[in-house]
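Peer 1: Mind folding the following:
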Amino acid sequence: MSKEEVAKILSSINNLKYKALVMLLFSSGLRVGKVIKLETEHIDSQRMLVFIKVDLKNLEIILETVAPSLFSKIA
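Peer 2: Numbering: from 1, shown residues only. Prediction:
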């Protein structure tokens with residue numbers, strides 16, 4: 001998908017919550033199931049990190065998003 005196509009999709013979303021979720025999907029490469037299970041305590045906007053819990057052995061993955069502008073949408 002081109003940058004123009006992504007920009008077109010994002011510009012068509014008016015709901016801030018949904019726009020932030022779609023931005024996180026595109027910038028992180030996470031699966032939809034992981035993104036919709038995120039809670040506010042999983043997001044550290046000060047350090048610009050998203051914490052993802054993995055089901056195997058209670059592991060925790062720290063994801064540095066590639067879109068820092070995302071944090072202005074969700075913080």
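Peer 1: can you tell me which helix in this structure is longest?
Peer 2: helix 16-28 (DSSP state H).
Peer 1: Can you point out the buried residues in that one?
Peer 2: 19-24, 26-28 (16 or more other C-beta atoms under 10 Å). In this view, the C-beta of every residue, glycine as well, is placed from N, C-alpha and C.
Peer 1: and which of those is nearest to residue 5?
Peer 2: residue 26 (10.3 Å; C-beta to C-beta).
Peer 1: Distance check, the closest one against residue 11.
Peer 2: Distance, residue 26 to residue 11, using C-beta to C-beta, to the nearest Å: 13 Å.
Peer 1: re earlier: okay, the longest helix of the chain in PDB with CA atoms only?
Peer 2: Extracted as PDB, the C-alpha positions of helix 16-28 are listed here (Å, rounded to 0.1, in the frame of the first residue of the first chain):
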ATOM      1  CA  LEU A  16     -10.300  10.300  16.600                       C
ATOM      2  CA  LYS A  17     -10.300   6.900  18.400                       C
ATOM      3  CA  TYR A  18     -10.600   5.000  15.200                       C
ATOM      4  CA  LYS A  19      -8.000   7.100  13.500                       C
ATOM      5  CA  ALA A  20      -5.500   6.500  16.300                       C
ATOM      6  CA  LEU A  21      -6.100   2.700  16.100                       C
ATOM      7  CA  VAL A  22      -5.600   2.700  12.300                       C
ATOM      8  CA  MET A  23      -2.500   4.800  12.700                       C
ATOM      9  CA  LEU A  24      -1.100   2.300  15.200                       C
ATOM     10  CA  LEU A  25      -2.000  -0.600  12.900                       C
ATOM     11  CA  PHE A  26      -0.100   0.900  10.000                       C
ATOM     12  CA  SER A  27       2.900   2.200  12.000                       C
ATOM     13  CA  SER A  28       3.500  -0.900  14.100                       C
END
